[in-house]
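In: show me how the following folds:
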Amino acid sequence: MNKQQICLVVISLSTLLLCACAPKSLFYWGDYETSISDRWVENDNDIGEQHLQQTITAAEQSGSKVPPGLYADYGIMLYRRGNPDGAIAYFDKERKTFPESRLLMSKLIDKIHEKQKKTPTQDSQSILGEEKKP
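Out: Got it, this is the predicted structure:
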(Lines give C-alpha, C1' and ligand atoms only; values in the text may rest on other atoms or scores of the structure.)
Protein backbone atom coordinates (compact mmCIF):
# COMPACT_ATOMS: atom_id res chain seq x y z
CA MET A 1 0.00 0.00 0.00
CA ASN A 2 1.24 3.44 -0.75
CA LYS A 3 1.10 6.40 1.57
CA GLN A 4 -2.05 7.87 -0.03
CA GLN A 5 -4.04 4.64 0.38
CA ILE A 6 -2.99 4.30 4.02
CA CYS A 7 -4.08 7.89 4.68
CA LEU A 8 -7.45 7.21 3.03
CA VAL A 9 -8.00 4.07 5.14
CA VAL A 10 -7.09 5.93 8.36
CA ILE A 11 -9.48 8.80 7.53
CA SER A 12 -12.28 6.37 6.66
CA LEU A 13 -11.84 4.39 9.88
CA SER A 14 -11.68 7.60 11.93
CA THR A 15 -14.91 8.82 10.36
CA LEU A 16 -16.66 5.52 11.08
CA LEU A 17 -15.41 5.55 14.65
CA LEU A 18 -16.63 9.11 15.25
CA CYS A 19 -20.05 8.38 13.72
CA ALA A 20 -20.46 5.31 15.91
CA CYS A 21 -19.76 7.41 19.02
CA ALA A 22 -22.30 10.13 18.21
CA PRO A 23 -24.82 10.44 21.04
CA LYS A 24 -28.37 9.31 20.39
CA SER A 25 -31.03 11.96 20.96
CA LEU A 26 -32.72 11.72 24.34
CA PHE A 27 -36.21 12.23 22.86
CA TYR A 28 -37.88 11.45 19.57
CA TRP A 29 -39.02 14.78 18.15
CA GLY A 30 -40.23 13.53 14.77
CA ASP A 31 -42.56 16.05 13.12
CA TYR A 32 -43.29 18.00 16.29
CA GLU A 33 -41.73 21.20 14.95
CA THR A 34 -43.73 20.84 11.75
CA SER A 35 -46.95 20.33 13.72
CA ILE A 36 -46.36 23.57 15.61
CA SER A 37 -45.68 25.44 12.39
CA ASP A 38 -48.77 23.96 10.74
CA ARG A 39 -51.02 24.95 13.63
CA TRP A 40 -49.67 28.36 14.56
CA VAL A 41 -48.15 29.75 11.36
CA GLU A 42 -50.17 28.06 8.61
CA ASN A 43 -53.40 27.89 10.70
CA ASP A 44 -53.97 24.29 9.58
CA ASN A 45 -55.00 22.35 12.69
CA ASP A 46 -55.85 19.17 10.78
CA ILE A 47 -52.38 18.74 9.27
CA GLY A 48 -50.78 19.82 12.56
CA GLU A 49 -52.78 17.17 14.40
CA GLN A 50 -51.66 14.52 11.90
CA HIS A 51 -48.00 15.42 12.43
CA LEU A 52 -48.50 15.33 16.20
CA GLN A 53 -50.18 11.91 16.06
CA GLN A 54 -47.45 10.56 13.79
CA THR A 55 -44.73 11.79 16.15
CA ILE A 56 -46.38 10.19 19.19
CA THR A 57 -47.06 6.91 17.37
CA ALA A 58 -43.55 6.68 15.92
CA ALA A 59 -41.93 7.39 19.29
CA GLU A 60 -44.06 4.84 21.14
CA GLN A 61 -43.62 2.15 18.48
CA SER A 62 -39.85 2.59 18.35
CA GLY A 63 -39.52 2.60 22.14
CA SER A 64 -38.19 6.16 22.11
CA LYS A 65 -39.17 8.80 24.63
CA VAL A 66 -41.79 11.36 23.71
CA PRO A 67 -40.48 14.89 24.43
CA PRO A 68 -41.79 16.84 27.42
CA GLY A 69 -45.00 18.68 26.67
CA LEU A 70 -45.95 16.69 23.59
CA TYR A 71 -48.62 14.59 25.31
CA ALA A 72 -49.98 17.74 26.95
CA ASP A 73 -50.01 19.58 23.62
CA TYR A 74 -51.98 16.74 22.05
CA GLY A 75 -54.34 16.70 25.04
CA ILE A 76 -55.06 20.39 24.58
CA MET A 77 -55.77 19.78 20.91
CA LEU A 78 -58.19 16.97 21.80
CA TYR A 79 -59.94 19.18 24.34
CA ARG A 80 -60.39 21.96 21.80
CA ARG A 81 -61.86 19.42 19.40
CA GLY A 82 -64.49 18.47 21.97
CA ASN A 83 -62.89 15.31 23.34
CA PRO A 84 -62.38 15.96 27.08
CA ASP A 85 -61.90 12.27 27.91
CA GLY A 86 -59.13 11.97 25.32
CA ALA A 87 -57.56 15.14 26.70
CA ILE A 88 -57.59 13.72 30.23
CA ALA A 89 -55.93 10.52 28.98
CA TYR A 90 -53.08 12.46 27.37
CA PHE A 91 -52.70 14.83 30.33
CA ASP A 92 -52.39 11.71 32.48
CA LYS A 93 -49.73 10.28 30.14
CA GLU A 94 -47.80 13.56 30.43
CA ARG A 95 -48.12 13.47 34.22
CA LYS A 96 -46.87 9.86 34.42
CA THR A 97 -44.05 10.32 31.91
CA PHE A 98 -42.79 13.61 33.34
CA PRO A 99 -43.45 13.81 37.11
CA GLU A 100 -42.36 17.45 37.18
CA SER A 101 -45.52 18.26 35.20
CA ARG A 102 -47.75 16.53 37.76
CA LEU A 103 -49.12 19.68 39.37
CA LEU A 104 -50.06 21.41 36.11
CA MET A 105 -51.53 18.28 34.51
CA SER A 106 -53.54 17.53 37.66
CA LYS A 107 -54.96 21.06 37.63
CA LEU A 108 -55.95 20.75 33.98
CA ILE A 109 -57.63 17.40 34.63
CA ASP A 110 -59.46 18.84 37.65
CA LYS A 111 -60.65 21.82 35.56
CA ILE A 112 -62.08 19.49 32.93
CA HIS A 113 -63.86 17.44 35.60
CA GLU A 114 -65.29 20.64 37.13
CA LYS A 115 -66.55 21.81 33.76
CA GLN A 116 -68.12 18.41 33.09
CA LYS A 117 -69.97 18.58 36.42
CA LYS A 118 -71.26 22.09 35.72
CA THR A 119 -72.62 21.17 32.30
CA PRO A 120 -75.98 19.51 32.90
CA THR A 121 -76.79 16.44 30.88
CA GLN A 122 -79.45 17.14 28.32
CA ASP A 123 -82.11 14.77 27.15
CA SER A 124 -83.14 14.58 23.51
CA GLN A 125 -86.05 17.00 23.98
CA SER A 126 -83.91 19.80 25.46
CA ILE A 127 -81.29 19.31 22.76
CA LEU A 128 -83.97 19.93 20.15
CA GLY A 129 -85.13 23.05 21.94
CA GLU A 130 -88.37 21.57 23.22
CA GLU A 131 -88.85 21.95 26.92
CA LYS A 132 -91.01 19.74 29.09
CA LYS A 133 -94.05 21.43 30.52
CA PRO A 134 -94.88 20.82 34.20
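In: CA atoms for contacts and neighbours, from now on please.
Out: Will do.
In: please parse the chain into its domains.
Out: Listed domain ranges for the chain are 25-66, 68-118 (source: automatic domain parsing).
In: give me the mean pLDDT for the first one.
Out: Just to be clear, that refers to domain 25-66. Taken as a whole, domain 25-66 has an average pLDDT of 90.
In: now do the same end-to-end measure for it.
Out: Start and end residues of domain 25-66 are separated by 11 Å (Cα to Cα, to the nearest Å).
In: equivalent analysis for the longest one, please.
Out: Between the start and the finish of domain 68-118 there is a gap of 31 Å, counting by Cα to Cα.
In: please enumerate the strands of this structure.
Out: Taking DSSP state E, the chain contains no strands at all.
In: now the helices for it?
Out: 3-20, 32-40, 45-62, 70-80, 84-97, 102-118, 124-127 (DSSP state H).
In: tilt between the fourth one and helix 84-97?
Out: Using axes from the mean of the first three to the mean of the last three Cα atoms, to 10 degrees, one finds that helix 70-80 and helix 84-97 are set 170 degrees apart in direction.
In: of all the domains of the chain, which one is nearest Ile11?
Out: domain 25-66 (25.6 Å; Cα to Cα).
In: stretch 26-38: how far from the chain's middle?
Out: Relative to its parent chain, stretch 26-38 has a centroid offset of 8 Å by Cα atoms, centre = their mean, to the nearest Å.
In: which positions in it come out as buried?
Out: By 16 or more other Cα atoms under 10 Å, the buried positions in stretch 26-38 come out as Tyr28, Trp29, Gly30, Asp31, Tyr32, Thr34, Ser35, Ile36, Ser37, Asp38.
In: same question for stretch 89-99.
Out: Neighbour-count burial for stretch 89-99 flags Ala89, Tyr90, Phe91, Asp92, Lys93, Glu94, Arg95, Thr97, Phe98 (criterion: 16+ other Cα under 10 Å).
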